[in-house]
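> Quick one, structure for this:
(one chain, ligands or ions: 1)
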Amino acid sequence: MLPKNPKQIEEILKPLQLSSETYGAIKQKMDDDMTNGLSTDQHTLADAKMYITYVRAVPNGTEVGNFLALDLGGTNFRVLLIKLDGGEVTMQSTIYMIPEAIMTGTGAQLFDHIANCIDSFIEDKKLDRTVELPLGFTFSFPCKQEGLAKARLVTWTKGFNCSGVVNEDIVRLLHESVAKKQIKVRCIAVINDTVGALMSCAHEDNRCQIGLILGTGTNACYMEKIERVQQWDGDDESPQEVIINTEWGAFGNSKALNFITTEYDTNVDKISINPGKQIYEKMISGMYMGEIARQVVIKLVDAGCLFDGVASEKLRTPMAFLTKYISEIESDEEFDNFVKTRQVLDELDVERYRVADCLVMQEVCSVVSTRAAYLAAAGISVLLDRVEKPEVTIGVDGSLYRYHPKFHDLITEKLSQLSPHKKFKLMLSHDGSGKGAALVAAVAWRIY
Ligand code: ADP
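Okay, here's the model as predicted:
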């Protein structure tokens, strides 16, 4: 029943098992990097760019009215109608296709297409065309914001490549296209998905001051005091706070994480489309966690510690070990007779395995996901300390957090150690990209 070569297995896993002191050191390095990101003179040196979002307040539950929202940059393009009535929220949404030709056409074609979709949506939902509708836009591409409703695209990602949009204000482009269709909508705010998560959770719990994404990638935002944001160029009126989009996935790009980088991380980075970039993200998020585990598994097989030293072709294929397999393997209990682990191994064409191999697979997955969750906790702990409120709720979105059986508990456990004097709660965000955008528009409507 016992795995073969337990000493060797221990050696192979050891580089991924970090001490409490190490997590404390990572937290300190992230804090320093974020301070640089917020400054004017050290900004270019920082990995976490700490972008100003111009979102100044969270919802207080008094928001009312009808708001449109657009969600572009996730899996689907959606138009939503959100009715806010105090704490009550009702939503209707429609998914629209964006043809390949438009994704790689001109900016005008893309925004004209979006305007057409808004027009059909208004028609379908029988909305009053004489009343101007405020709109919140979740635009999940890297942007440098210059105002709540002014965001210049830094670069296209995720298969989009429309000409004439980089460096342009996407709100101006949207407004030009809707004007052509004579639709009465006004974009009040542009946000990203972290802000969406924060705002949608804050609507239910106004102690929410941090938004976190643990999905394909990872990122976080938090409410910061304006006096600490050296790059602040807005007014000094109350509330003297603004949400900062940390873009923390890039932490480690300037080697701050080299002291914990394993051979597995180096291999994952090498085969990625952006070597040397998003180093923290590659240690944590769903796009890479399965591949880290696969790297470890192959090392174990080649050392003769797993599957009698034989790996299937599939198991040797980069990116073939999905992060969801980690969730499945870790949700097996010993008395289940490893049902899910066996399913995963069958899917990977592993022919010969014993209970001892299942146990080793569980151990590998647990070590990899624990490091990811603890690293995320180190980052959250920095933000918790910065928020300086006695009780803080953290709004979280993303399939990794949602579906991994232990991520929530692991983050909670490490966060309690790293920020021992803080009261906090992790809260799952529901449809942050839609509801969040409408709420930002609503709050702006209320304040300005
Ligand atoms: P996105 O971040 O692109 O908006 P998601 O939040 O759905 O979308 O995240 C997708 C990522 O979540 C994928 O990289 C995938 O590996 C990971 N994922 C999907 N299902 C699971 C699961 N059951 N357990 C852990 N990770 C998962």
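
> Closest residue of the stretch 101-250 of the chain to the ligand?
For the stretch 101-250 of the chain and the ligand, the shortest gap (CB to the nearest ligand atom) falls at Gly215, measuring 2.4 Å. From N, CA and C alone the C-beta is placed, and that goes for glycine too.

> so what's that residue up against?
For Gly215, the contacting residues are Ser285, Gly286, Asp397, Gly398, Ser399, Leu400, Tyr401, by CB atoms under 8 Å, 6 or more residues apart in numbering.

> can you count the residues close to the third one?
What that stands for is Asp397. 25 (other CB atoms under 10 Å).

> so what's the backbone phi/psi at it?
Note on Asp397: its backbone torsions stand at phi -130, psi 160 [degrees, to the nearest 10].

> Could you pull up the contacting residues of it?
Asp193, Gly196, Ala197, Gly211, Leu212, Ile213, Leu214, Gly215, Leu428, Ser429, Gly432.

> run the last query once more with 6 Å
By CB atoms under 6 Å, 6 or more residues apart in numbering, the contact list for Asp397 reads Ala197, Ile213, Ser429, Gly432.

> who in the chain is up against the ligand?
74, 215-216, 286-287, 322-324, 327, 398-400, 403-404 (CB under 6 Å from any ligand atom).

> Adding pLDDT, write these out as TSV.
Formatted as TSV, the residues of the chain next to the ligand follow (pLDDT from 0 to 100):
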residue	pLDDT
Gly74	66
Gly215	91
Thr216	88
Gly286	94
Met287	92
Leu322	97
Thr323	97
Lys324	98
Ser327	98
Gly398	93
Ser399	94
Leu400	97
Tyr403	98
His404	98
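
> hang on, the earlier thing: which of the contacts of Gly215 tops the neighbour count?
Leu400 leads these on contacts (other CB under 10 Å) with 27 neighbours.

> State the helix or strand in which it lies.
helix 399-403 (DSSP states H and E).

> Between the two ends of stretch 80-98, what distance do you get?
One end of stretch 80-98 to the other measures 16 Å (CA to CA, to the nearest Å).

> Please compute how far that stretch lies from its chain's middle.
22 Å (CA atoms, centre = their mean, to the nearest Å).

> got the residue ranges for the helices in the stretch 251-400 of the chain?
Remark: helices assigned in the stretch 251-400 of the chain by DSSP state H, counting those that start in this stretch are 263-271, 279-284, 286-302, 323-331, 339-347, 355-387, 399-403.

> so of those, which one's packed in deepest?
Comparing the helices of the stretch 251-400 of the chain by mean neighbour count (mean count of other CB atoms under 10 Å), helix 279-284 ranks first with a mean of 26.

> model confidence over it, on average?
If you average the pLDDT over helix 279-284, you get 96.

> Look up how far Thr412 lies from Leu84.
Distance of Leu84 to Thr412, computed by CB to CB, to the nearest Å: 31 Å.

> Comparing the two, which residue is more hemmed in?
Neighbours per residue (other CB under 10 Å) separate Leu84 from Thr412, with Leu84 holding more: 24 against 16.

> so how far is Ala442 from the more buried one?
With CB to CB as the criterion, Leu84 and Ala442 are 6 Å apart.

> ok, now Ala303?
57 Å.

> Next: Ile191.
Taken as CB to CB, the span from Ile191 to Ala442 is 12 Å.

> Could you do Val396 as well?
22 Å.

> The two: which is more packed in?
Val396 (29 against 25).

> beta partners of the more buried one?
Leu212, Leu428 (DSSP bridges).

> isn't it right next to Leu212, touching?
Yes. Val396 is within contact range of Leu212, at 4.6 Å (criterion: CB atoms under 6 Å).

> if we can go back for a sec, what sits in contact with each of Leu84 and Ala442?
Common contact partners of Leu84 and Ala442 (CB under 6 Å, 6+ apart): Glu63.
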